[in-house]
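Structure of the sequence below:
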Amino acid sequence: MIDAAHMTQFFVASILIIMVPGPSVLFTLARGVAWGRAVAVLTVLGNSLGTLLLSMVVAFGLGPLLSHSRAFSVVLQLVGGLYLLYLGTDALRHRQEHAQAMTQREAARPSPRRIVRQGFVVGVLNPKSLVFFAAVFPHFVNRPRGHITAQLVIFGLIFSVMAFCSDGTWGLIAGTAREWLSGSPTRLVALRSIGGVVMCALGVLIVVSALLS
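Numbering: from 1, shown residues only. I've put the predicted structure just below:
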């Protein structure tokens, strides 16, 4: 259904977008800095469940449209690329404020259920994931082979698992090095800056690819 070339390209793009310190990663880091590794991992679990639900909604909602309209696919890619540029620019503009907010610790540790629920909400409402699913997934769909909705579902499952592994690693690192991270906003600013640059670069690549397709 999905050929090796499309799958390889999808893996590369997914790794880039997942590793960018966006809303989900920053939220996980904040949890790890505040309460340690266990809370960070539970946060990632909830976030991944929210991401998976979002990917399924997008897959079943966009699959039929994408199977009948090439123009619709191009428009989605353009919108997604431009929005990634916006997110990257915003991350660079507000990197200082985000870093300061992440160094604040909270006294009361929430319950496991609440931690998972909060992570789930962040995952469902994550604009980066929404843009990636709605605008980037279609770029890797093998249209001639059909079953577009099924291809989008597979991409969503793979992306969610990859996100859990990557964000979970971020959470474990934050929980382990909580004193080191919270003691230096400069390090968090650097992470946010790198993330902003990567999002801008990916946005440009998507826009150019859509215009040339």
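
Mind jotting down where the helices sit in the chain?
Applying DSSP state H to the chain gives helices spanning 4-19, 23-35, 37-68, 70-93, 95-102, 112-124, 127-131, 137-140, 148-176, 178-182, 185-212.

what's the average pLDDT for the second one?
If you average the pLDDT over helix 23-35, you get 72.

Centre of the chain to that helix, how far?
Put simply, helix 23-35 sits 14 Å off its chain's centre (C-alpha atoms, centre = their mean, to the nearest Å).

As PDB, could you dump the C-alpha coordinates of that helix?
Only the C-alpha atoms of helix 23-35 are listed here, as PDB (Å, rounded to 0.1, in the frame of the first residue of the first chain):
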ATOM      1  CA  PRO A  23       4.000  22.700  22.600                       C
ATOM      2  CA  SER A  24       4.000  19.000  23.500                       C
ATOM      3  CA  VAL A  25       7.700  18.800  24.200                       C
ATOM      4  CA  LEU A  26       7.800  22.000  26.100                       C
ATOM      5  CA  PHE A  27       4.900  20.900  28.300                       C
ATOM      6  CA  THR A  28       6.600  17.600  28.900                       C
ATOM      7  CA  LEU A  29       9.900  19.300  29.800                       C
ATOM      8  CA  ALA A  30       8.000  21.600  32.200                       C
ATOM      9  CA  ARG A  31       6.400  18.600  33.900                       C
ATOM     10  CA  GLY A  32       9.800  16.800  34.200                       C
ATOM     11  CA  VAL A  33      11.500  19.900  35.600                       C
ATOM     12  CA  ALA A  34       8.600  20.400  38.100                       C
ATOM     13  CA  TRP A  35       8.000  16.900  39.300                       C
END
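
Report all helices and strands that that helix contacts.
Packing contacts for helix 23-35, counted by 3 or more C-beta pairs under 8 Å, 6 or more residues apart in numbering; DSSP states H and E, involve helix 37-68, helix 95-102, helix 112-124, helix 127-131, helix 148-176, helix 178-182, helix 185-212. No exception for glycine: its C-beta is placed from N, CA and C like everyone else's.

Recalculate using a threshold of 6 Å.
helix 37-68, helix 148-176, helix 178-182 (3 or more C-beta pairs under 6 Å, 6 or more residues apart in numbering; DSSP states H and E).

before we move on, what about the longest one?
Helices and strands touching helix 37-68, as assessed by 3+ C-beta pairs under 6 Å, 6+ apart, comprise helix 23-35, helix 112-124, helix 148-176.
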